[in-house]
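Trainee: For reference, the sequence and a predicted model appear below.
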Amino acid sequence: MTDYISQLNPRQREAVLYGDGPLLIFAGAGSGKTRVLTYRVARLIQEGVDPYHIIAITFTNKAAREMRERISAITPFGDQVWVSTFHSACTRILRRDITALGYKSGFSIYDAQDSERLLKLCIREENLDDKNYPPAGIANTISAQKNRLIGPEEFESAAGSDFRLGNIANIYTRYRQKLKDNNALDFDDIIMLTVKLFTENEDIRNRYQQRFRYVLVDEYQDTNHAQYMLVSLLAGHFKNLCVVGDDDQSIYGWRGADIENILRFTADYPNAKTITLDQNYRSTQTILDAANLVISGNQHRAPKSLWTDNDQGVPIRVYYARDERDEGLFVTQAIKYACDRGAKYNDFAVLYRGNAQSRAVEEQLILAGIPYRLFGGVRFYERMEVKDILAYLKAIDNPADDLACRRIINVPRRGIGDTTITRIANFAAERGISFTAALAEDIPGITKKTREKLAEFSVFLSDWTKLAETAPPFDLLRQILADTQYLESLNDGTPEAQTRIDNVQELLTKAKEFETQAQDTSLTNFLNEVGLVADIDNYQEGAQAVSLMTLHSAKGLEFNRVFIVGMEEYTFPSARSVLSETPKEIEEERRLCYVGFTRARQRLYLSHATMRMRNGQRMLCAPSRFLKEVPTEYMEPVNAHGRPKSVVRSRARDNVPSSVIKKARTGPAPFLRDMHTPIMPAYKAKPTPLIGKSILEPTSVATSVADDCPFAIGDMVRDPRFGRGVVIAISANGADHELTIDFPNIGRKKRLAKLFKIMKVGAD
DNA sequence: TTTGCACGGGTTTTT
DNA sequence: CCCGTGCAAA
């Protein structure tokens, strides 16, 4: 038990042994953070703290599970410690105490999709157009408010006389009311309401403060304001708060995470102890140096630099692909090459900025017969068929859940259409009863035939509800499937039919598993479990497959060899962040890059493509600025097999005197310079006459101004606002290029070339 | 009420 | 390109 202490380095040991009071641990990537956290918990128990008084909070279920296992492995009674995510901890608290807020304990949990549906109904009821008030955007706005603990009232007064914001405030009000009527909570409510519970009820707050005398929080840099408040409240009495994090790995700013939370910890708790773990045990010297250099480009950060005793390792391999297909091919070939020489498939991860990028890589992997696991994208519990079945369970578990009931009332088809549903909803609203309750009523305007169908459905529903009282979720599910013929209805001859059926079967399997594993086998608890899982929670290290995931999902994981694909401006950093031109957004992208680099133990491969399909249009791409922030000496250009490209390498080495290579630390890598100009003249200017309109002849030829401009005079381009047009002039406008484009139906417009929305159109 | 088709608009990251 | 939406026809 005490033996493990000797394996720690002095800083780690200090963090584990430090006594009561606030403690901030800055833990760089790969610095043994989880180990310190688990040992600290073990240490507390060893010193006589009752495990009952300890709570450790993580962001993912996977992290929680891992920590729970590790604590249990080294400490007796370790399994009594609450180790859970913010969301599941709060759900547990709310199930017990939410009645104090006027909700019922059997609440449903709505995921992003559900909330958006509900929001859509709200927007319609406010008589607003969902073109001007796109549900997704409104959802973001409302979510941002909730993350900052701002309710509709406060939001409305902040909106002042702003018409649009006023409308959004109304939507927000209605949305909150509807959630409450449905006895449902969205993801943000789970946190926000727990905070509310604690602020408004002193006795409840005291109870939890007394219970959780030791609070540990992982990934503290990713907490948003609501989570910050929650932690402050929980630890408010004993102040035995230990937070672990790394400001350089804060990548959830867009979701409301506030990097300031960790940066001002010592201001919040003036007697806090700060310990920095900066020895990296994971990566090679080369990878770490590159990561350090990239992240040092950020202004707003606590200055620090990771170091390691590990070997120098091999240079970072950079591949310059023709397009995304070629890039996928490179990944595949390099994996194959390495696996022929002893590497294993599970050594590899392919990371990318956006889920859409996975496809090109997948295609090549499939072609080559390399097994892979894909994380993210459409998650299991977000699949249409899975959500349908879960909606049945939700409707049974929580009769107030109108949204769930509306979802399934005509799935599979029962001949109950939109008009009927609206009639029921209106009727229910008038009478102030739930949608489900209204089913059994005599509703004016509904034909006899439809009424029979409704009655039939209603009988089923009450039968199931009865069954649910005694039978476990698995049996209930089977009954529902038998009664509704749902599986049969999936078999519609589409290519996805079998997958869908498999998914439902998979859900049955999960239900069976749940039945044997969970202590509380109630339907509510089942829905709880499935509602709060993320894809990454299912990651298993042993599986012999290549992992594909976004950079975001990769946080907290490590691999022997990591590919980061799509290292291009407008892809990574994302178009959004580049166009926003706010340093804050670019800095977050840079942190993401840092996270990506530091996932790799031994080898890092970076690739970028000259052109890429975007919205069905080919686009030219420039190499990512992050590539240029890594000095040449750390990089090595490779060919499509992932082998060093001798020609380019020798050129880079021969042409550039060593003094310049040293200097290149600050400038772009010499061989990257060539990459600005696409090698493939796929978009040679081809002035094509437009129909029914004469175009100014491009009399003058492009001058040198436009050397690195991706457009040339005569190019046919497409602008989302004005449609097709032809470039008739290019001029410099500061550092940018200004295009003069002749749009046949609009006339001439000047636009900046950097607005990526202008795209070349192939002359087909 | 359902189905099929044409159209337009969007598109990061996720507990 | 892929999706959801709106509309017309059965």
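Mentor: Sure, I can see it.

Trainee: what residues does chain A put near DNA strand C?
Mentor: Chain A comes close to DNA strand C at residues A:120, A:613, A:615-616, as judged by CB under 7 Å from any atom of the strand. Placement of C-beta: from N, CA and C, glycine included.

Trainee: Farthest pair within those residues?
Mentor: The two members of the residues of chain A next to DNA strand C with the most space between them (CB to CB) are A:Lys120 and A:Met613, at 30.3 Å.

Trainee: Nearest to DNA strand B: which residue in the stretch 201-350 of chain A?
Mentor: Nearest residue of the stretch 201-350 of chain A to DNA strand B, counting by CB to the nearest atom of the strand: A:Trp254, 3.7 Å away.

Trainee: Would you list the phi and psi of that residue?
Mentor: Backbone torsions of A:Trp254, given as degrees, to the nearest 10, read phi -70, psi -20.

Trainee: What's the local residue count around it?
Mentor: 13 (other CB atoms under 10 Å).

Trainee: ok, now the one 10 residues further on?
Mentor: Residue neighbour count, defined by other CB under 10 Å, stands at 12 for A:Arg264.

Trainee: Now do the same for it: its pLDDT.
Mentor: pLDDT, A:Arg264: 90.

Trainee: With the one 10 residues further on instead?
Mentor: The confidence metric pLDDT takes the value 95 at A:Thr274.

Trainee: ok, now A:Asn525?
Mentor: 79.

Trainee: Pretty sure it sits against A:Ala511.
Mentor: No. If you go by CB atoms under 8 Å, A:Asn525 and A:Ala511 don't touch, sitting 11.7 Å apart.

Trainee: just to revisit the earlier point, out of the residues of chain A next to DNA strand C, name the ones that lie in helices.
Mentor: If you go by DSSP state H, the residues of chain A next to DNA strand C have A:Lys120 in helices.

Trainee: now the residues of chain A next to DNA strand C: which count as buried?
Mentor: A:Lys120 (16 or more other CB atoms under 10 Å).

Trainee: and of the residues of chain A next to DNA strand C, the nearest to A:Ala63?
Mentor: Using CB to CB, those come closest to A:Ala63 at A:Lys120, 33.6 Å.

Trainee: contacting residues around the closest one?
Mentor: A:Lys120 makes contacts with A:130, A:135, as judged by CB atoms under 8 Å, 6 or more residues apart in numbering.

Trainee: Let me know the pLDDT of it.
Mentor: Note on A:Lys120: pLDDT of 85.

Trainee: mind checking how far it is from DNA strand B?
Mentor: 14 Å (CB to the nearest atom of the strand, to the nearest Å).

Trainee: what about that residue, distance to A:Asp130?
Mentor: 6 Å (CB to CB, to the nearest Å).

Trainee: one step back: give me the neighbour count for the closest residue to the residue of the stretch 201-350 of chain A closest to DNA strand B other than its chain neighbours.
Mentor: Of all residues not flanking A:Trp254 in the chain, A:Glu588 sits nearest, at 7.5 Å (CB to CB, 6 or more residues apart in numbering). Around A:Glu588 there are 22 other residues, counting by other CB under 10 Å.

Trainee: Could you do the one 4 residues further on as well?
Mentor: By other CB under 10 Å, 26 other residues sit near A:Leu592.

Trainee: Could I get the contacting residues of it?
Mentor: A:251, A:353, A:551-552, A:572.

Trainee: And for A:Thr91?
Mentor: A:Thr91 touches A:109, A:190, A:528, A:532, counting by CB under 8 Å, 6+ apart.

Trainee: By average pLDDT, which secondary structure element in chain A comes out worst?
Mentor: The helix or strand of chain A with the lowest confidence, counting by mean pLDDT, DSSP states H and E, is helix A:658-663 at a mean of 37.

Trainee: Pull up the gap between A:Asn201 and A:Gln113, please.
Mentor: A:Asn201 is 32 Å from A:Gln113, by CB to CB.

Trainee: Could you confirm whether stretch A:130-140 reaches DNA strand B?
Mentor: Yes. Contact between stretch A:130-140 and DNA strand B, assessed by CB under 7 Å from any atom of the strand, occurs at A:134, A:136-137.

Trainee: can you give me the mean pLDDT across that stretch?
Mentor: 83.

Trainee: what's next to it, contact-wise?
Mentor: So stretch A:130-140 is contacted by A:112, A:115-116, A:119-120, A:123-124, A:164, A:167-168, A:171 (CB under 8 Å, 6+ apart).

Trainee: quick one on the thing from earlier: please report how far the residue of the stretch 201-350 of chain A closest to DNA strand B lies from A:Lys584.
Mentor: Taking CB to CB, one finds A:Trp254 at 10 Å from A:Lys584.

Trainee: list residues touching both of the two?
Mentor: Common contact partners of A:Trp254 and A:Lys584 (CB under 8 Å, 6+ apart): none.
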